[in-house]
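[1] With the input below, show me the fold.
(one chain, ligands or ions: 1)
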Amino acid sequence: MTTVTKAEGAPAPAGPDGFLSVRDLQVTFSTEDGPVKAVDGLSFDLHRGKTLGIVGESGSGKSVTNLTILGLHDPVYTTIDGEILLEGKELITATEKEMEKLRGNRMAMIFQDPLTALSPFYTIGRQIAEPYMKHTGASKRAAWERAVEMLAKVGIPNPKERARDYPHQFSGGMRQRAMIAMALVCDPDLLIADEPTTALDVTVQAQILDLLKDLQREFGTAIVFITHDLGVIADMADDIMVMYAGRAVERGTVDEVLSAPLHPYTWGLLNSMPRLDSDLGTPLSPIPGTPPSLLTPPTGCRFHPRCSFRDRVEGDRCVTERPLLGPDRSSACHLSTERKRTIFIEEIRPRLG
Ligand code: SF4
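    Numbering: from 1, shown residues only. Got it, this is the predicted structure:
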């Protein structure tokens, strides 16, 4: 599972497994209006063959975290502090050349929109074969055969013929499969999937998720799965980290977080999800307010302007004091764990049905 050996806010040693260890990560962008801290003190471990689901609204820092892990941030306008260790190798201080090599061989990313990853000018087969040639030194012929093999693996019918097609000749679901083939062609140890199924219809989405799970079993890949959809997370992830305004606010196993969530923001996310068993026309219950600007983030708990439980915390701690995330199963909130459990059972769960 995803474990954390420390509270947020101070460096900690890599965990014993240490496949991917992120420690006190801080990512700050320089903007015309001033510095924006998009990620503020994030720590987690991801183990081989496991999936960590990162959930949160837009601007929560989930995509920035992952682009930073892959070294795809703009180095001129971005300041990064903390540690990102991939099997002990520090990525923050790695050179662009080293990162490029790692991105091909050991880390790969699947984007929401395959058209951002696939060039319209080259055949699908060529786009899968080229990174394989580059990173393994395989011949053109062997790389093409590997591309065809990967297209077959991701369920493209007639892969030999379809490898000669261009992206526009593929449907949306097939392009997504082709991008997965491209991402997995070099057997990466770490796959980052950023909303990979959001643009697809429900049936194709289910097929793609099943495909990712099958490929993970086959290759033992560790996956970071970013989404705003808790239903998808329930299906895909072993562990969940909920992010809000650049910070992790809750984490635990999927069962823990979805059956007994401990943070008011997670309660809000669950409450705002549409349910299959509700009557048509039942209004959704979105979290009131909007995520804050990170140029001038709220003091104390960043969720406090939207939190309907802050009056249950004594004094003005919610406004003045940053709640910390503890090790393992934890939520960053000043309410005691016992109090949160009681609120969830008595007030939140009945609303969730
Ligand atoms: Fe709400 Fe206060 Fe807990 Fe933040 S610390 S989630 S404002 S109760």
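
[2] Every contact and neighbour count from this point should use C-alpha atoms.
    Noted.

[3] And the residue of the stretch 51-200 of the chain at minimum distance from the ligand, how far from residue 241?
    As assessed by C-alpha to the nearest ligand atom, the ligand sits closest to residue 56 within the stretch 51-200 of the chain, at 14.3 Å. Going from residue 56 to residue 241 by C-alpha to C-alpha, to the nearest Å gives 9 Å.

[4] mean confidence for stretch 202-214?
    Taken as a whole, stretch 202-214 carries a mean pLDDT of 83.

[5] Give me the buried positions along that stretch.
    Going by neighbour count (16 or more other C-alpha atoms under 10 Å), the buried part of stretch 202-214 is 204, 205, 207, 208, 209, 211, 212, 213.

[6] ok, residue 267 - contacts?
    Applying C-alpha atoms under 8 Å, 6 or more residues apart in numbering to residue 267 gives the contacts 261, 344, 348.

[7] Now neighbour count, distance to residue 166 and pLDDT too, for these, in CSV please.
    Listed next are the contacts of residue 267 as CSV, based on neighbours: other C-alpha atoms under 10 Å; distance: C-alpha to C-alpha, whole Å; pLDDT from 0 to 100:
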residue, neighbour count, distance to residue 166, pLDDT
261, 25, 45, 95
344, 20, 51, 95
348, 19, 50, 93
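
[8] Could I get these in JSON lines, plus columns for distance to residue 75 and secondary structure?
    Converted to JSON lines, the contacts of residue 267 look like this (distance: C-alpha to C-alpha, whole Å; DSSP: H, G, I helix; E, B strand; the rest coil):
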{"residue": "261", "distance to residue 75": "37", "secondary structure": "coil"}
{"residue": "344", "distance to residue 75": "43", "secondary structure": "helix"}
{"residue": "348", "distance to residue 75": "43", "secondary structure": "helix"}
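
[9] Looking at those, spot the one nearest residue 196.
    residue 261 (24.9 Å; C-alpha to C-alpha).

[10] So the closest residue to the closest one other than its chain neighbours: helix, strand or coil?
    Spatial nearest neighbour of residue 261, excluding adjacent residues (C-alpha to C-alpha, 6 or more residues apart in numbering): residue 267 at 6.7 Å. Secondary structure, DSSP: H, G, I helix; E, B strand; the rest coil: residue 267 is helix.

[11] Kindly provide the distance from residue 267 to the ligand.
    Distance, residue 267 to the ligand, by C-alpha to the nearest ligand atom, to the nearest Å: 10 Å.

[12] what's the pLDDT at that residue?
    95.

[13] among the buried residues of stretch 202-214, which are in helices?
    Of these, the ones assigned to helices by DSSP state H are 204, 205, 207, 208, 209, 211, 212, 213.

[14] ok, so of these, who is nearest residue 137?
    Nearest to residue 137 among these is residue 212, at 26.3 Å by C-alpha to C-alpha.

[15] Pull the contacting residues for residue 159.
    In this structure, residue 159 makes contact with 148, 149, 151, 152, judged by C-alpha under 8 Å, 6+ apart.
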